[in-house]
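Student: Here is my input; please provide its structure:
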Amino acid sequence: MTNGYQTKYLRYGEIPRSVGVLYCDPLTSLIAYPSFEDHLIEMLPKLCANELHLAIGDVDGLRDYVMERRAVDPYSFGHLAGNACMRAVGAITAEWAANELKDVDFHICGTFGGDEVIIAADGPSHDAFAQKINILARDMKISSPRPVSFALASLMPCALEPADANTAYRTLVSAVDARLFALKGSARFAGGHLEGVVADIGTVSLSELRDQDGIEHPATMGEAR
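Tutor: Numbers count the residues shown, from 1 in each chain. Prediction:
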């Protein structure tokens, strides 16, 4: 497996003409939605044969930051300040990936188009991946206008049929997102926000995640190898 993808921009409503081309978000230069999702779902049956890792990061305190920027720079307020922040987040993520993920079997860094990053990788151990995400969180604290908090999980190797890949992807992403949003919600309830926290769910099976979300899934989805 390789990480070869081309940096291209897709116009609104345009259909990709070539298979295997992933489209980048113009702001962050990370892989854009839905290219990230489509590619990962397509690769998932192969990736699940090994330990697949997924991390989602969300910028901490971005709303407060963009509202406060006017006092420092009257020409950088609101969405302009938010764009500058996300441009930095994308650049930091890309530089981190070039250093920390260059030797892994597969990796991809993307965005849903908001104030988040999503990273998938296959190759390192869970502990090694978690350490790398902690390095990224540290880099964000140092170089980004606002820190970024992450939640991450690894999937136990399993057999996954292509027909189940979409459901498996959504199950994993939802579980990681839920942990991250729970932490952020707790911080807001306490009157503050997170500052570059990394929440590690650990190594889990798809069947465990399936049982937690209350949705009826195919009984054989993600059977352990």
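Student: Okay, buried residues for stretch 72-84 please.
Tutor: Ser76, Phe77, Ala81, Gly82, Ala84 (16 or more other Cβ atoms under 10 Å). Any C-beta I mention is one placed from the backbone N, CA and C, and that applies to glycine too.
Student: contact partners of it?
Tutor: Residues from elsewhere that reach stretch 72-84 (Cβ atoms under 8 Å, 6 or more residues apart in numbering): Leu27, Leu62, Tyr65, Val66, Met67, Arg69, Arg70, Asp115, Pro145.
Student: ok, now with 7 Å
Tutor: For stretch 72-84, contacts defined as Cβ atoms under 7 Å, 6 or more residues apart in numbering pick out Leu27, Leu62, Tyr65, Val66, Arg69, Arg70, Pro145.
Student: What of stretch 96-114?
Tutor: 1, 3, 25, 28, 30-33, 36, 39-40, 47, 93-94, 117-124, 132, 135-136, 139.
Student: Toward the C-terminus, what is the element adjacent to whichever strand or helix holds Met86?
Tutor: Using DSSP states H and E, Met86 sits within helix 79-100. Per DSSP H and E, the first helix or strand lying C-terminal to helix 79-100 is strand 106-110.
Student: Okay, angle between that following strand and helix 79-100 too, please.
Tutor: Relative orientation of strand 106-110 versus helix 79-100 (axes from the mean of the first three to the mean of the last three Cα atoms, to 10 degrees): 170 degrees.
Student: model confidence over strand 106-110, on average?
Tutor: On average, the pLDDT along strand 106-110 is 95.
Student: any idea which helix or strand of the protein has the worst average confidence?
Tutor: Every helix and strand of the chain was ranked by mean pLDDT, DSSP states H and E. The lowest is strand 223-224, at a mean of 51.
Student: Of the buried residues of stretch 72-84, which is the nearest to Ala178?
Tutor: Gly82 (24.3 Å; Cβ to Cβ).
Student: Next one: the closest one from Val204, what distance?
Tutor: 33 Å (Cβ to Cβ, to the nearest Å).
Student: just Leu47 next, same as before
Tutor: For Leu47, the distance to Val204 - Cβ to Cβ - is 15 Å.
Student: who has more neighbours, those two?
Tutor: Leu47 (23 against 16; other Cβ atoms under 10 Å).
Student: For that one, give me its contacts.
Tutor: Contacts of Leu47 (Cβ under 7 Å, 6+ apart): Phe106, Asp122.
Student: could you redo the last one with a cut-off of 6 Å?
Tutor: Listed by Cβ atoms under 6 Å, 6 or more residues apart in numbering, the contact set of Leu47 reads Asp122.
Student: For it, report the pLDDT, please.
Tutor: pLDDT, Leu47: 94.
Student: The one 10 residues further on too?
Tutor: Reading off the confidence values, Gly57 has pLDDT 97.
Student: So what are the sheet partners of the host helix or strand of it and their directions?
Tutor: Gly57 is part of strand 52-59 when elements are defined by DSSP H and E. Take DSSP bridges as the rule and strand 52-59 pairs in its sheet with strand 116-122 (antiparallel), strand 148-155 (antiparallel).
Student: Adding mean pLDDT and distance to Ala55, write those out as a markdown table.
Tutor: Below are the strands paired with strand 52-59 laid out as a markdown table (pLDDT from 0 to 100; distance: least, Cβ to Cβ, whole Å):
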| stretch | mean pLDDT | distance to Ala55 |
| --- | --- | --- |
| strand 116-122 | 96 | 5 |
| strand 148-155 | 96 | 4 |
